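[1] Below are the sequence and a predicted model for it; my questions follow.
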Amino acid sequence: MARFRGSITKVSRRLGIALSPKAEKYLERRPFAPGQHGQSRKGKVSEYALQLREKQKMKYLYGILEKQFRNYYKKAVSQRGVTGDNLVKLLERRFDNVVYRSGFAASRAAARQLVSHGHLLINGKKVNIPSYLVAPGDLIEFRQKSRNMGAVTDSLSKAPESRFPSWVQVDKANQKAVFLSVPEREDIQEPFNEQLVVELYSK
């Protein structure tokens, strides 16, 4: 299973957004790009560079590589509606993302690990594919042997009720969640502009 194996903190500093809890601390101390010239790089940024930057933000936030991201874009184009909105909705429906949104993990990377290790069920069946697209009404829960894991319990205890989005119903006591509906674009608060990504791929 392909995934990014480089330094997520360096990528976070280059993009200017925290891609993990650890990266958030690094950005507070070093709010500039990595490398010898990280603090001195200035100048006009081209339109292409801006578009590429937004694509990189989306890819790293959701933890996917170029080929898979391009496939999501192609699927978004084929669907009815606004391509950018469709793209974000597809990414939000990823199994690992829904697990993260449900508070079962402190980051998407941790959620991906829970899924790939087979700790979770969807509607009573084990699913270990992080890219699986969750559908409205799907019930997500832990296998009997995987319940009350320390990392999950800790993540849920630290997650305030306000963190849970309206499209996911979370039962913290029983460590279950129901994906209620596909979210609308305006309900997804993430630091990227998907329209620039659509413009990049449309060239």
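    Ah, there it is. Numbering: from 1, shown residues only.

[2] What's the local residue count around the closest residue to Pro165 other than its chain neighbours?
    Leaving aside its chain neighbours, Pro165 sits nearest to Arg101 (5.6 Å; criterion: Cβ to Cβ, 6 or more residues apart in numbering). Where C-beta positions appear, they are placed from N, C-alpha and C, glycine not excepted. Counted by other Cβ atoms under 10 Å, the residues lying close to Arg101 total 25.

[3] Just the element for Tyr48, please.
    According to DSSP states H and E, Tyr48 maps onto helix 47-62.

[4] what residues are up against the residue nearest the centre of the chain?
    In the chain, the centroid-proximal residue (Cα atoms, centre = their mean) is Tyr62; its distance is 3.1 Å. The contact partners of Tyr62, taken as Cβ atoms under 8 Å, 6 or more residues apart in numbering, are 91, 94, 97, 108.

[5] which residues touch the last one?
    By Cβ under 8 Å, 6+ apart, the contact set of Arg108 is 61-63, 96-97, 100.

[6] between those, which is closest to Lys145?
    Taking Cβ to Cβ as the measure, Lys145 lies nearest Asp96 of those, at 20.1 Å.

[7] quick check, the closest one in a helix?
    Yes. The assignment for Asp96 by DSSP: H, G, I helix; E, B strand; the rest coil puts it in a helix.

[8] quick thing: my sequence starts at 805, can you match it?
    From this message on, residue numbering opens at 805, which makes the last subject Asp900.

[9] how near is it to Tyr866?
    Per Cβ to Cβ, to the nearest Å, Asp900 is found 8 Å from Tyr866.

[10] ok, now Tyr936?
    When Tyr936 is compared with Tyr866 (using Cβ to Cβ), they lie 14 Å apart.

[11] next one: Pro969
    Counting by Cβ to Cβ, the gap from Pro969 to Tyr866 is 15 Å.

[12] is it true that Leu895 touches Met862?
    Yes. In this structure, Leu895 is within contact of Met862 by Cβ atoms under 8 Å, at 7.1 Å.

[13] Can you pull the residues that touch both of Tyr936 and Tyr866?
    Joint contacts of Tyr936 and Tyr866 (Cβ under 8 Å, 6+ apart) are Arg898.
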